[in-house]
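Colleague: Fold the following.
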Amino acid sequence: MYGRGQNERLIGTVIKDFERDKLFIATKVAPKVKEFQSAEDIVERANSSLARLQTDYIDCFMIHGAEKSERVKNPFFHKAAEQLKKEGKIRFTGLSCHGHAWWDNPEETFEEVLMTAIDDGRYDVLMLPYNFIEPEMGNRVLKACKENNIGTMIMKSNPIIIYDLFKEEKENAEKEGNELPERYKIGYEKFKMQMEIASEFFGKYGISGIEKVKDGALQFVLSNEHVNTICYLFQSLHDVEKYIKLSGTRLEPGIEAMLNNFKSKFSPLTCRIGCNVCEAYCPNHLPINTIIRYNYYFTSKRQEKHAMQKYRELSRNKPDVCSNCEGFCEKACPYGVLTRPLLAMAHRNLSFNGGLFT
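Modeller: Here you go, the predicted structure:
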């Protein structure tokens, strides 16, 4: 899944310089089709991971993308995990979850999938999205993990990328002599208002303030006593120096107030990962949450090729069908998210032919 195994090979090269028992290595396995089909296949793939990692054991062997309870309880995964534990090749099991796929199992929520894993009793670690913009479901899951002695690994911890996107859009629009690019004509007036709010926020806090907000987003997560660690993407030595120093720190009152201000200003521009309430109301059956998550990979994680490939693989309609829609998704959203403009941004970024809504 990650670099066709290259990520594991890189780790394998590096860990030869360290004492193995001082490292905690996690890797994941994803179904090749809709669900895992055999325990033998999972064991074989675990052995392949061990070879790439150049180690005798994996500390945490995880299911990638457990989006519904069926995958949480998959008998082949648990049979394989039992065998691998007996052989000393894995120590713990876990899973990651971005949220459910509503067209497969519309009655389940993101929270319910994770609670199923907790109730199952066979998982040692859960990897879930959690940040200051959307803490509600995560807080309940984290509390249940603590009560059941399950480790927690947080992803999608920093939603501040929207600042950088707006700054870029504003600067480009000013260069072109326009207020906003044409692709945002869906919901234009609301989006224009957000631009004005953004300008006010930028003016009040400036660049240094925004950097503090980005740090504060991680400290918000670290301040939760039920969180064990954050899985964060390091793309340079500068990132290592910047973010490792935050380890063990807590959120300061002044920064917390700034986060709350950011949340109040930019809440309509942040789609809640794993929410998916709007999708049931979409007449075109768009996987809205998934599309916006792929755009997160494109913009925040800078995994452009991966995000575009995942987007291309979606067999369902794309957001270019939204141009004549009256916005059922936005009417259904409990957070007032400007979904159609965000989908327009995603479609522009993720499509090979790009294009604007016409």
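
Colleague: For residue 204, report the pLDDT, please.
Modeller: Residue 204 carries a pLDDT value of 69.

Colleague: nope, residue 142 is what I was after
Modeller: At residue 142, pLDDT is 97.

Colleague: shaky segments in the stretch 151-300 of the chain?
Modeller: Scanning the stretch 151-300 of the chain for pLDDT under 70 picks out the ranges 160-174, 176-210.

Colleague: at 50 what do you get?
Modeller: By pLDDT under 50, the stretch 151-300 of the chain contains no weakly predicted segment.

Colleague: Let me see the ranges of the helices in it.
Modeller: All helices of the stretch 151-300 of the chain, identified by DSSP state H, counting those that start in this stretch, fall at 161-176, 188-222, 237-244, 253-266, 288-299.

Colleague: And stretch 140-151, what's buried?
Modeller: 141-142, 144-146, 150-151 (16 or more other CB atoms under 10 Å). C-beta: built from backbone N, CA, C; applies to glycine.

Colleague: what do you get for stretch 72-91?
Modeller: 72, 74, 76-81, 83-84, 89-90.

Colleague: what do you get for stretch 266-284?
Modeller: So for stretch 266-284, counting by 16+ other CB under 10 Å, buried means 266, 268-279, 282.

Colleague: Which two of the buried residues of stretch 72-91 have the greatest separation?
Modeller: 72 and 89 (21.8 Å; CB to CB).

Colleague: Out of the buried residues of stretch 72-91, which comes closest to residue 97?
Modeller: Nearest to residue 97 among the buried residues of stretch 72-91 is residue 72, at 8.5 Å by CB to CB.

Colleague: Wait, that closest one touches residue 117, no?
Modeller: Yes: using CB atoms under 8 Å, residue 72 is in contact with residue 117, at 4.8 Å.

Colleague: joint contacts of the two?
Modeller: Here residue 72 and residue 117 share the contacting residues 66, 95, scored by CB atoms under 8 Å, 6 or more residues apart in numbering.

Colleague: buried residues in stretch 288-304?
Modeller: Buried residues in stretch 288-304 (16+ other CB under 10 Å): 288-300, 303.

Colleague: Can I get these in TSV including distance to residue 50?
Modeller: Formatted as TSV, the buried residues of stretch 288-304 follow (distance: CB to CB, whole Å):
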residue	distance to residue 50
288	38
289	34
290	31
291	35
292	35
293	30
294	30
295	34
296	31
297	27
298	32
299	34
300	31
303	25
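
Colleague: Tell me which of the buried residues of stretch 140-151 fall in helices.
Modeller: 141-142, 144-146 (DSSP state H).

Colleague: Please, where are all the strands along this structure?
Modeller: Under the criterion DSSP state E, the chain contains strands at 26-29, 58-63, 90-96, 125-129, 151-155, 229-230.

Colleague: Quick one: list the elements packing against the fifth one.
Modeller: The criterion is 3 or more CB pairs under 8 Å, 6 or more residues apart in numbering; DSSP states H and E, and the helices and strands that strand 151-155 contacts are strand 90-96, strand 125-129, helix 136-147, strand 229-230.

Colleague: can you state the direction angle for it and strand 90-96?
Modeller: 50 degrees (axes from the mean of the first three to the mean of the last three CA atoms, to 10 degrees).

Colleague: Enumerate every residue touching residue 235.
Modeller: Going by CB under 8 Å, 6+ apart, the list of residues near residue 235 reads residue 302.

Colleague: Report the spatially nearest residue to the residue nearest to the spatial centre of the chain, omitting neighbours in sequence.
Modeller: Centroid check for the chain by CA atoms, centre = their mean gives residue 156 as the closest residue, at 4.2 Å. Nearest residue to residue 156, sequence neighbours excluded (CB to CB, 6 or more residues apart in numbering): residue 129, at 3.7 Å.

Colleague: Equivalent analysis for residue 125, please.
Modeller: residue 94 (3.3 Å).

Colleague: quick one: the one you found from residue 222, how far?
Modeller: 20 Å (CB to CB, to the nearest Å).

Colleague: More neighbours: which of these two?
Modeller: residue 94 (22 against 18; other CB atoms under 10 Å).

Colleague: so what's the more buried one scoring on pLDDT?
Modeller: For residue 94, pLDDT reads 97.

Colleague: can you start the count at 51 instead of 1 from here on
Modeller: Sounds good: first residue 51 from here, last item residue 144.

Colleague: Could you give the number of residues near the residue nearest to residue 206?
Modeller: Neighbour tally, residue 179, other CB under 10 Å: 22.

Colleague: picking up where we left off before, and the residue nearest to the centre of the chain, how close does it get to residue 88?
Modeller: 31 Å.

Colleague: Likewise for residue 97?
Modeller: Note on residue 97: its distance to residue 88, by CB to CB, is 14 Å.

Colleague: Could you do residue 329 as well?
Modeller: Taking CB to CB as the measure, residue 329 falls 32 Å from residue 88.

Colleague: Please apply the same query to residue 292.
Modeller: Counting by CB to CB - residue 292 and residue 88 are separated by 44 Å.

Colleague: okay, the two: which has more neighbours?
Modeller: residue 292 (14 against 11).

Colleague: so what's that one up against?
Modeller: Contacts of residue 292 by CB under 8 Å, 6+ apart: none found.

Colleague: swap in the one 4 residues further on?
Modeller: Contacts for residue 296 (CB under 8 Å, 6+ apart) come out as 265, 268-269, 272.

Colleague: cutoff 10 Å now
Modeller: 265-266, 268-269, 271-272, 280, 282 (CB atoms under 10 Å, 6 or more residues apart in numbering).

Colleague: Quickly note the distance from the nearest residue to residue 269 once chain neighbours are set aside to residue 61.
Modeller: Of all residues not flanking residue 269 in the chain, residue 301 sits nearest, at 4.3 Å (CB to CB, 6+ apart). According to CB to CB, residue 301 stands 31 Å off from residue 61.
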